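Colleague: make a model of this:
(one chain, ligands or ions: 2)
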Amino acid sequence: MTQLIGLTGGIATGKSTVSNILAQAGLPIVDADKIAWKVEGPGMPTTQAIAAHFGPQVLLADGSLNRPWLGHLVFNDATKLAELNAITRMPIQQAILTAIVAAGKKAPRAIILDVPLLFEGGWDHICDQVIVVSAPPAVVLQRLMARNHLDEAAAQARIDSQLPLTTKAQRADVVIDNGQNVDKTRTAVLKWLKTIN
Ligand SMILES: CC(C)(COP(=O)(O)OP(=O)(O)OC[C@H]1O[C@@H](n2cnc3c(N)ncnc32)[C@H](O)[C@@H]1O)[C@@H](O)C(=O)NCCC(=O)NCCS
Ligand SMILES: Nc1ncnc2c1ncn2[C@@H]1O[C@H](COP(=O)(O)OP(=O)(O)OP(=O)(O)O)[C@@H](O)[C@H]1O
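Modeller: Numbers count the residues shown, from 1 in each chain. Ligands and ions are numbered 1, 2, ... in the order given. Now for the predicted structure:
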């Protein structure tokens, strides 16, 4: 019986780092961020709905979303974020469910469901186990500022737009600490993997 393993954490805590380790170990990954990028691609109905709501300045010349512009808008305004979520929630959910079904057809021992908003979206209710990737707040802030070229206030606003990491960790079955080097994280992930074999 295939197990569905939820993988989440705060923004920039290291979900992709952990999902890469699990992919290298041969497990199929359903990556909600990648799916969301496709659903919000040029010419897609969801992209058109976003442009109709937020105005044509949300699109670049090639029809793709101006993600830094939209990110700056919604991560500094909870009402705008709720409006964006109202447009994107259903199509992203449908695409995630389709991807879970497709991955399950090969009957792997587990499917990794990598969703940043796993608890916020209620995905934990369909998972057999939930892994939360964690790191100290100051480390997360530094990594997010470096990766997304954000100043401290903008990075903190993104962090604050999600459930607190401590709340996510309390709701986890397994917490993987990614506050140190990736080798330590890999060791912890592979140790957990043995428990589902
Ligand atoms: C606001 C947007 C344009 C910003 O794009 P950007 O390229 O800067 O970020 P990206 O999409 O790569 O997301 C990076 C991280 O931001 C966080 N994040 C993304 N969307 C949200 C959201 N709606 N609420 C809270 N955090 C979010 C996640 O931790 C995610 O891993 C984009 O995130 C978006 O369209 N979000 C709505 C779709 C969505 O909910 N995606 C998450 C899939 S579960
Ligand atoms: N153990 C680590 N040591 C140093 N840097 C790390 C470590 N783990 C991740 N990083 C870096 O921190 C940033 C965030 O990591 P990653 O992209 O895996 O997080 P994420 O949780 O998937 O992020 P998001 O939810 O924002 O997409 C990346 O730039 C990554 O290279």
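Colleague: going forward, measure contacts and count neighbours with C-alpha atoms only.
Modeller: OK.
Colleague: which bits of this structure sit near ligand 1?
Modeller: 11, 32-33, 36, 67-68, 70-71, 85, 88, 115-117, 161-162 (C-alpha under 6 Å from any ligand atom).
Colleague: residues in this structure within reach of ligand 2, list them.
Modeller: 11-17, 116, 143, 147, 178-182.
Colleague: filter these down to the buried ones, ChimeraX style.
Modeller: Those of these that meet the burial criterion (16 or more other C-alpha atoms under 10 Å) are gathered into one ChimeraX selection, given here:
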select :11,12,13,14,15,16,116,143,178,179
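Colleague: which of the residues of the chain next to ligand 2 sits closest to K106?
Modeller: Closest to K106 out of those is S16 (22.6 Å), distances taken as C-alpha to C-alpha.
Colleague: who's in contact with the helix or strand harbouring that closest one?
Modeller: Secondary structure assigned from DSSP states H and E places S16 in helix 15-24. Applying C-alpha atoms under 8 Å, 6 or more residues apart in numbering, the contact partners of helix 15-24 are L7, T8, G9, I29, I112, D114, P116, V133, V182, T185, R186, V189.
Colleague: just to revisit the earlier point, helices - which of the residues of the chain next to ligand 1 land there?
Modeller: A32, D33, A36, R67, P68, L70, G71, N85, T88 (DSSP state H).
Colleague: got these as TSV, with pLDDT and neighbour count columns?
Modeller: Formatted as TSV, those follow (pLDDT from 0 to 100; neighbours: other C-alpha atoms under 10 Å):
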residue	pLDDT	neighbour count
A32	97	20
D33	96	16
A36	98	18
R67	97	13
P68	94	10
L70	97	18
G71	95	14
N85	97	13
T88	98	18
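Colleague: including distance to A52, could the residues you listed go into a markdown table?
Modeller: As requested, those are exported to a markdown table (distance: C-alpha to C-alpha, whole Å):
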| residue | distance to A52 |
| --- | --- |
| A32 | 24 |
| D33 | 22 |
| A36 | 18 |
| R67 | 16 |
| P68 | 18 |
| L70 | 13 |
| G71 | 17 |
| N85 | 14 |
| T88 | 13 |
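Colleague: per-residue pLDDT, the residue nearest to the spatial centre of the chain?
Modeller: The geometric centre of the chain, computed from its C-alpha atoms, lies nearest to P116 (C-alpha atoms, centre = their mean), at 2.7 Å. P116 carries a pLDDT value of 95.
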